[in-house]
Every structure is written in C-alpha cells, then in structure tokens.
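Peer 1: Just the structure for this:
(2 chains)
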Amino acid sequence: MFSTPDRRTLLKSVGLAGAGALMPGFARAQAQTLVAATFPGTWNEAHRQVLLPAFVKRTGAKATQSIILGTDQISRLSAAKGGKPPFDVAFFDSPQVIDAVKQGLIVEYPVAKSPNYASLLPEFQDKWGPRVSVQVIGIGYNPKKIKNPPKSWDALWDPQYKGRVGLTALNSQLGIAFLAEINRLRGGADDNFDAGFKALRELLPNVGAIGANLGAFATLWQQEQIDIAPYNFNFVQTLKAKDVPVELSIPDTGPVGWHTSMHIVANAEAPDLAAAYIDTNLDPAVQAAMQKPPFDIIPSNSNVPLEGAITQSIAKTHADLAKVRAINWEKIGPMRSALIEQFNREVKI
Amino acid sequence: MQRDSLALAVPLAALFLVAFIAPLCVLLALSLSGDSEFGRFTLQNYVKFFTDRFNYSILIDTLLLGIKSTAVCLVFGYPIAWVAARSSPRVQSLLLFIVVLPIMTSVVVRTFAWIVILGRYGVLNQIVQSLGLTQEPLKLLYSEVGVVIVLAQVQMPLMVLPILTVLSRIDPNLSDASQALGAGAWRTLWRVTLPLSTPGIVAGCILTYAACVTAFVTQSLIGGARLVYMPLHIYQQAVGANNWPFAAALSVIFMIAVLAAVALLNTIAARAHRHA
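Peer 2: Predicted coordinates for the structure are as follows:
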C-alpha cells in the first residue's frame, strides 16, 4: 500500500531539506549543546556544581564540561585548526592565553553580549576573554608535622626538612610560577633563570618527590609523602575539605599568582552560547557561590565582597587583589620549552 | 582460492592503512620538519637526540626498565603458569581468574592502589617497620624499584597467559618419559618442559616488554618527575614544551628501538629453539 510520491511532493521535501542544510544554525538551535573546557580538581567541581546549573537555568541549553589541562587544550585546538574545534569555551591560565592568541585559536570576546563584563575589577578585564579569577601560590605544609607556619620560601631549604619537600614538574603552572618567584628573590631576571636553577640545585637534597602532574601532587599530600611544598591556594582548600592535613602560608614576600580566564574558541560551533556561559561565570551570584568553601575561588566581579579564607591570608579588599604579584609570561613564554628541558636535566636521577 | 582469502583481508588492511600507517607517515614527516606546520625539511631533531647524552640516556633507562620488569614478570609468572597448567580444571580456572583480575580494573586505579601500598606511611613500610627491619621508612615510591614492582604486577597477565597456553599443550607423556628414563623433576623441567615452552616465554616476554616500556601512567605516577622515561619525555615535549617535531622524532626513535628489542628477543629465541 505504498504510494510513490509525485514530483511536486518530492521537490518540496528536497527543497525543505536543502533549506535546512543552508540554515544549520536554525535547525540546530533547538537542541544545541555547548562544550566547555575546565580544569581537573577544584575548578571542575565548582563548574559542575555552580556554573552548570546557573547556565542551564539562564539559557535552557545543554552543556558538556570536559576536563582538560590548559596546555592540553592548546594542543588539541591547534591539532584541530581549520576544522571543527573539540570545544567552544577554552579555560586558560595566563601563559596559554598568549599562546592561543599567537596561534589564532581564540577570538575577541563580544563585550556587548556580556552584561556582567563591565562590573569586573579593572585588572580582570581583557579583550580576549574575561579573567574569572586569580590563582595564588604559597607554601603548603602539613600542620601535624610542622607546628609553626613557614614565613618565608627559604623554609623549604631548611635542612630539617630533608627528604620531605615536594615539587611539581614544570608542565604545571604551579611549578613554573614557583621557579620564577625563587629566581626573582635570588636575584635572577625574567629572561635569565640561572639564579633560580642554582637555588633548585641547592634544594634537591631536601626534595623527597616531584609529582609528574598536579593529580599526582595531590596524592603526595594525601599519603603524607611530603610535608612542605609550594602549593596553590584553591587546591589546599579542596584537600582541607577532604580532611587532608594541609595548610597554606603566604610568605612574607607576598602572594604570587596568575589569572585564569575564559575564551571563545575560533570557529566555535555555538559562539553565542559560549558568550552566555562565560558571562554566567562573571555573574555576582555565581562568583559568590564559588567563593564559599570548599571551592574558595577568588572572585573577579567588583560586586562580590571578599570573604572567608581568602581574607585571612591573601587579600582583605579588592585593592589587595591588584597587589598579587604577577609573573612576566610574555618573557617566560618563549623560554618555556627550554626551562622544562633544563628542569628535567637538573632533577633527573 | 588465494585471491578469495586476500579479499577477506582487505577491510582490515584498509583500516590499518587509515588508522595506523597514515598517522605513522604524518609522525615521520613531522619528525623531519623544522616546525609544527610541516615546514622546511631538516634532520635537526634526530641530530639533537643523538648528540645529547640526556636524551639517549632516557632511551637507555627506558629499555633497561623494560628488561628489569620483564625479568621480574618471568621469574614470578612462569611458576604460576606451571602450577596452573598442572592443576585440576577447577583450580586452574581459579588461578586464571586471579591472574586476569588485574586487567579488569583500570590501570589508573591499580596504580593508585600501589601508591597507598608503597608510600612513606604505606602498608609495606608499616609492616617492614613494625618488624623492626628499618627505622626510617623505605623509599619505594618515586624510585625505580617501585616502578619495577608495580609494572611487574600490572603486566603479569601478559606473561602468564601465553606461557600457560603453551604449557598446557605439551604432551604429559614427555615428562613421564623423561622421568622414566631417570631424570629428576628439576632435570625434566630444565631439559624438557622449559625448552618446549620457549614459544610461550618469547610471546610473554614480547608482550610484557612492549607494555612495560610504554606504560605512561604507571611510570609517571610511581616514578614521579625525577625518573624520566621515554613516554613522559615525549609527553612533556609535545604538550608542555609544545615542541611537536622533536616529540615526533622521539616517538619514531622510541618505536624503532622497541621494535629492534623485540626482533632481538625473537632471534635469540629462534636460535635457542634450534639448539634445543
């Protein structure tokens, strides 16, 4: 009982299909899914628990959050260059932004589509994409083993901590930021790390373990394999919430850190949703929720007053946030490969 | 007839061509270029590798790590396979289950479990210290000894299964004959069973060796960043340093080195088999 379609019906359906192909945006708009990159650990948890529900409520769209390190994001985006990128929203630390701009992997942020952008503190505004937070490093220590909070980076060199100091490899931001700060304090320059590496050589007898990545580094704390090490404020808060004995002390030379930012990827499949997703992360209510423990993510919106653990060790006011010492990534970026190589040579057993 | 069987191989050959040979060619081309965009032709990546002790010492360390872990696997795996082959079907399936069990959990989970066992305050150190064998905790995690122990456990099934297969195919009359002719149990094992099981040992060693030298997760989680092996070195160059051409050259060199090691193992085995 099948009827053969007449010529007119056939033409009509072919025409409709053709129109659909010409207007893919229209056909897809109903069931669009955004793919956004996020970091492992604190960020992934905050993005899943706070940002995702807020974004879904605001747009009604779906979003998939993919856990990828910043450097891996750069690799994947440049591998997919010219084709369909693997995600729409990139999540970077400062140095990756420079790489991404240089390689044309991200586009300028459409400020007009982002109502919350204007209320960002000035140092968090950037035409390539808003900085959603600042990550700060200090001295992590095990309070069960070390009663007096270390006051200076020099504590790591103290012979009493022989075999108990931890480090991370230089492919993490933490590793490179620590080396840069030590280099600065020991008289090195942004483009000359000799002083930093000399200090590293002197530190090696104390070093018990070097984590190949941040996941392995967190395990070192959980297993109490190390008692003192440079560490990231947010990771300390996350581990503390899991009852791991770890505290962070900001050395008397002041906090050091870098910005973390969100970007729309070039040729993104859903650029408008990407902008909405990023703007949701700038929303005062979202940032206030992320500032609560166990995330303790430092807000960048001027309408979110600082509170909690942040005010005890890092910054009491928004003005203090501007004083977090930045690292000269423009200078370090081109040397990164050489730094990683030299670090590996110095530490290899 | 032969044409038909060739036709049957076409789908797999096509898959191989697209999914294996083509990426390999890309890798080779990238390793011979000056930048990530397949720019000018150059041999500098290979020159850099072979003129720098740091680079080739990593390759040697990696190949040696494979030999050590494979040896440990063989020493512990052969007796297990031997016992399993001579057990009743029930005991054999139980032993097999225990041997295969590690494959059923993710390698990441297995490796993290080992971190708990080998750590400064881990299970092993607690036992050793409570027995009064040492005052200071042993440094097992982040040492090559630790990496060898974990690799041997993680890759054990790859050694046991091929040996077990070969052992259970050996005619039991042969060892009976050997003993009837006056050879003791050890002599029978040494002169009859072991030579006959050579194909299984070789297959097991090749599989274990290839798996151990390329085990990125176990090497980097148990070894840490101070024990650099080729997989971590390649990863750091590709992702951390963004130096794709050099990472590609490292991969090509590593692949050839592993293939050469496997070929060497095969030749030795073939010669041993001929003499047996």
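
Peer 1: what does chain B put close to chain A?
Peer 2: B:36, B:54, B:58, B:112, B:115-116, B:119-122, B:139, B:141-142, B:220-221, B:223-228, B:232-233, B:236-243 (Cβ under 8 Å from any Cβ of the partner chain). Bear in mind the C-beta positions are built from the backbone N, C-alpha and C, glycine included.

Peer 1: Drop anything exposed from the residues you listed.
Peer 2: B:36, B:58, B:112, B:115, B:119-120, B:122, B:139, B:141-142, B:220-221, B:223-228, B:232-233, B:236-243 (16 or more other Cβ atoms under 10 Å in any protein chain shown).

Peer 1: Pretty sure residue A:314 sits against residue A:136.
Peer 2: Yes: assessed by Cβ atoms under 8 Å, residue A:314 is found in contact with residue A:136 at 5.4 Å.

Peer 1: Run a quick neighbour tally on the closest residue to chain B within the stretch 151-300 of chain A.
Peer 2: Closest residue of the stretch 151-300 of chain A to chain B, Cβ to the nearest Cβ: residue A:171 (3.3 Å). Neighbours of residue A:171 under the rule other Cβ atoms under 10 Å in any protein chain shown: 24.

Peer 1: One more: residue A:309?
Peer 2: Neighbours of residue A:309 (other Cβ under 10 Å): 19.

Peer 1: how about it, what does it touch?
Peer 2: Residue A:309 is in contact with A:233, A:237, A:293, A:296, counting by Cβ atoms under 8 Å, 6 or more residues apart in numbering or on different chains.

Peer 1: Which helix or which strand is home to residue A:245?
Peer 2: Counting by DSSP states H and E, no helix or strand carries residue A:245.

Peer 1: On the pLDDT front, check it for me.
Peer 2: Residue A:245 is assigned 94 on the pLDDT scale.

Peer 1: follow-up on the earlier one: now the residue of the stretch 151-300 of chain A closest to chain B: closest residue in space that isn't a chain neighbour?
Peer 2: Once flanking residues are discounted, residue A:171 sits nearest to residue B:240: 3.3 Å by Cβ to Cβ, 6 or more residues apart in numbering or on different chains.

Peer 1: phi, psi of residue A:332?
Peer 2: Per-residue torsions, residue A:332: phi -70, psi -40 (degrees, to the nearest 10).

Peer 1: Spatially nearest residue to residue A:214 (excluding sequence neighbours)?
Peer 2: residue A:172 (5.3 Å).

Peer 1: so residue B:40 makes contact with residue B:33?
Peer 2: Yes: Residue B:40 lies in contact with residue B:33 (Cβ under 8 Å); the separation is 6.8 Å.

Peer 1: So those two - more neighbours on which side?
Peer 2: The neighbour comparison of residue B:40 against residue B:33 (other Cβ under 10 Å) goes to residue B:33, with 19 against 10.

Peer 1: So that one is in contact with residue B:249, correct?
Peer 2: No: counting by Cβ under 8 Å, residue B:33 stays clear of residue B:249, with 9.8 Å between them.

Peer 1: how about the residues of chain A that lie near chain B?
Peer 2: Close to chain B, as judged by Cβ under 8 Å from any Cβ, chain A has residues A:69, A:71-72, A:74-75, A:78, A:99, A:163, A:167-171, A:208-213, A:216, A:219, A:223-225, A:336-337, A:340-341, A:344-345, A:347-349.

Peer 1: Among those, name the buried ones.
Peer 2: A:69, A:71-72, A:74-75, A:78, A:99, A:167-171, A:208-213, A:216, A:219, A:223-225, A:336-337, A:340-341, A:344, A:347.

Peer 1: Contacts only, for residue B:129.
Peer 2: Applying Cβ under 8 Å, 6+ apart, the residues near residue B:129 are B:135, B:137.

Peer 1: That one: which element?
Peer 2: helix B:123-130.

Peer 1: By proximity to chain A, which residue of the stretch 1-150 of chain B wins?
Peer 2: Taking Cβ to the nearest Cβ, the stretch 1-150 of chain B has residue B:119 as its residue nearest chain A, at 4.1 Å.

Peer 1: how much space between the nearest residue to that residue once chain neighbours are set aside and residue B:106?
Peer 2: In space, and not counting its chain neighbours, residue B:119 is closest to residue A:223: 4.1 Å by Cβ to Cβ, 6+ apart. Distance of residue A:223 to residue B:106, given as Cβ to Cβ, to the nearest Å: 19 Å.

Peer 1: Just the CA atoms of the host helix or strand of residue B:5, as CSV, please.
Peer 2: When elements are defined using DSSP H and E, residue B:5 is found to belong to helix B:2-16. Provided in CSV are the C-alpha atoms of helix B:2-16 (Å, rounded to 0.1, in the frame of the first residue of the first chain):
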residue,chain,number,x,y,z
GLN,B,2,44.2,-17.3,-2.6
ARG,B,3,42.5,-14.4,-4.2
ASP,B,4,39.5,-15.0,-2.0
SER,B,5,41.5,-15.0,1.2
LEU,B,6,43.2,-11.8,0.0
ALA,B,7,39.8,-10.2,-0.5
LEU,B,8,38.9,-11.2,3.1
ALA,B,9,41.9,-9.3,4.4
VAL,B,10,41.0,-6.1,2.5
PRO,B,11,38.8,-4.5,5.2
LEU,B,12,41.4,-4.9,7.9
ALA,B,13,44.1,-3.8,5.6
ALA,B,14,42.1,-0.6,4.8
LEU,B,15,41.5,0.1,8.5
PHE,B,16,45.3,-0.4,9.1
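
Peer 1: Downstream of it, the next helix or strand is which one?
Peer 2: Using DSSP H and E, the helix or strand that follows helix B:2-16 in sequence is helix B:22-31.

Peer 1: Please spell out which residues along that following helix are buried.
Peer 2: Applying 16+ other Cβ under 10 Å to helix B:22-31 flags B:27, B:30, B:31 as buried.

Peer 1: Next SSE downstream of it?
Peer 2: Next along from helix B:22-31, by DSSP H and E: helix B:44-50.

Peer 1: Mind giving me the packing neighbours of that following helix?
Peer 2: helix B:53-86, helix B:244-275 (3 or more Cβ pairs under 8 Å, 6 or more residues apart in numbering or on different chains; DSSP states H and E).

Peer 1: Tell me which of these is the most buried.
Peer 2: helix B:53-86 (a mean of 19; mean count of other Cβ atoms under 10 Å in any protein chain shown).

Peer 1: could you give me the average pLDDT of that helix?
Peer 2: The average pLDDT within helix B:53-86 is 94.

Peer 1: got the angle for that helix vs helix B:244-275?
Peer 2: Comparing the axes of helix B:53-86 and helix B:244-275 via axes from the mean of the first three to the mean of the last three Cα atoms, to 10 degrees yields an angle of 40 degrees.

Peer 1: how big is the angle separating the helix or strand following helix B:53-86 from helix B:53-86?
Peer 2: Toward the C-terminus, helix B:53-86 is succeeded by helix B:89-100 as the next helix or strand (DSSP H and E). Using the same axes, to 10 degrees, the inter-axis angle of helix B:89-100 relative to helix B:53-86 is 170 degrees.

Peer 1: Other residues contacting stretch A:69-81?
Peer 2: With Cβ under 8 Å, 6+ apart as the criterion, stretch A:69-81 contacts A:37, A:39-40, A:68, A:85-87, A:90-93, A:95-96, A:99-100, A:103-105, A:171, A:173, A:213, A:265, B:36, B:238-240, B:242.

Peer 1: again, only this time at 6 Å
Peer 2: Stretch A:69-81 is contacted from outside by A:37, A:85, A:86, A:90, A:92, A:93, A:96, A:99, A:103, A:105, B:239, using Cβ atoms under 6 Å, 6 or more residues apart in numbering or on different chains.

Peer 1: same check, this time on stretch B:68-80
Peer 2: B:148, B:151, B:152, B:155, B:156, B:159, B:160, B:205, B:208, B:209, B:212.
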